[in-house]
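can you look at this prediction? I've put the sequence above it.
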Amino acid sequence: MKKHKIMQQKKYIARSMVKKELKFTPKKEKDTKIARTRDAASLVLLKKTRKEVKVLLGKRSEKTRFMPGAWVFPGGVLDKSDYKIPETTKLNNNIIQKLVVSNNVQAANALAIASIRETVEETGLILGKKSKNVSHINDENINNGITIMSKKGLVPDLAKLVYLGRAITPTFSPIRFHARFFMADAKHLLGKIKTTSELVEIKWIPLKTATKLPMADVTEFMINELIEYNGDISLIKRKLENRPMFTWKMGKQWITRK
């Protein structure tokens, strides 16, 4: 019985070491301390047309310190205020277990809110719903995504989020993140696309050609993950047990699935 249990566990754990080109990841100086990871979240938005599935990508300014000129998903670092936003919709409990937050519901919701907030700030697009219980926590910051939403009577709609995967920046980088990638269907979005100082170009790009753009290895990996499922959000949602964790070890990509 014990042997059978171990085999069952191995069935759901797959690791692959793949030698690939490292893109847009700086390397820290020798003999410097390994940087601590910062919690971050991104929102992968997909739009289905009659012919194909498109993904929303933005080009980072050449002036930014981290990944200048790279095409990325909207997203960013978790903010303390993300913990203070009253949740009016619920994040799926099965997703919470995948976020590596020790099943802390508040921390999981904060990550989900961060992905929506950053998307509002960087693209003008809103994954939200009407509510009488809007948050005015960030009213002093007119550029904060939650402030922008609250002025429209909207709150983050966590129920529309699907989990795609997570990634940890390798230890050899001077800037490191533990990023969670959520996704949502463009049909739920409100607002219009607008560029910002951070994302100077924003486009809906066909999934099958998106990786031809200059982008970080993690972005390329997540797009290829989407291509594996033909951009079918409902199918990815059903395959939650197969969501990846992406990083680098010994100069190679290291992918774990549990």
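Received the coordinates, thanks. Residues are numbered from 1 along each chain as shown.

quick one: low-confidence parts of this protein?
Applying pLDDT under 70 to the chain flags the ranges 1-29, 135-140.

can you map out the strands along it?
Using DSSP state E, the strands of the chain run over residues 14-18, 38-48, 53-60, 71-72, 75-77, 128-130, 154-156, 162-168, 177-185, 199-206, 244-249, 252-257.

please identify which of those strands is closest to I96.
strand 162-168 (9.3 Å; CB to CB). For every residue, glycine as well, the C-beta is placed using N, CA and C.

check what contacts that closest one and list those residues.
Contacts to strand 162-168, defined as CB atoms under 8 Å, 6 or more residues apart in numbering, come from residues 37, 44, 92, 95, 98-100, 176-184, 218, 221-222, 225-226, 233, 236-237, 240, 243-247.

repeat that for stretch 206-214.
By CB under 8 Å, 6+ apart, the list of residues contacting stretch 206-214 from outside reads 23-24, 46, 52-55, 57, 69-71, 205, 220, 223-224, 226-227, 231.

if I read this right, A112 contacts L43, doesn't it?
No - in this structure, A112 is not within contact of L43 by CB atoms under 8 Å, at 9.0 Å.

quick revisit: of all the strands of the chain, which one is nearest I85?
When these are compared for distance to I85 using CB to CB, the nearest one is strand 154-156, at 6.9 Å.

ok, the closest one: who's next to it in the sheet?
strand 128-130 (antiparallel) (DSSP bridges).

how close does W254 get to T169?
From W254 across to T169, the span is 12 Å (CB to CB, to the nearest Å).

just L154 next, same as before
Between L154 and T169 the distance is 32 Å, computed by CB to CB.

on that earlier part again, which residues do W254 and T169 both contact?
T247.
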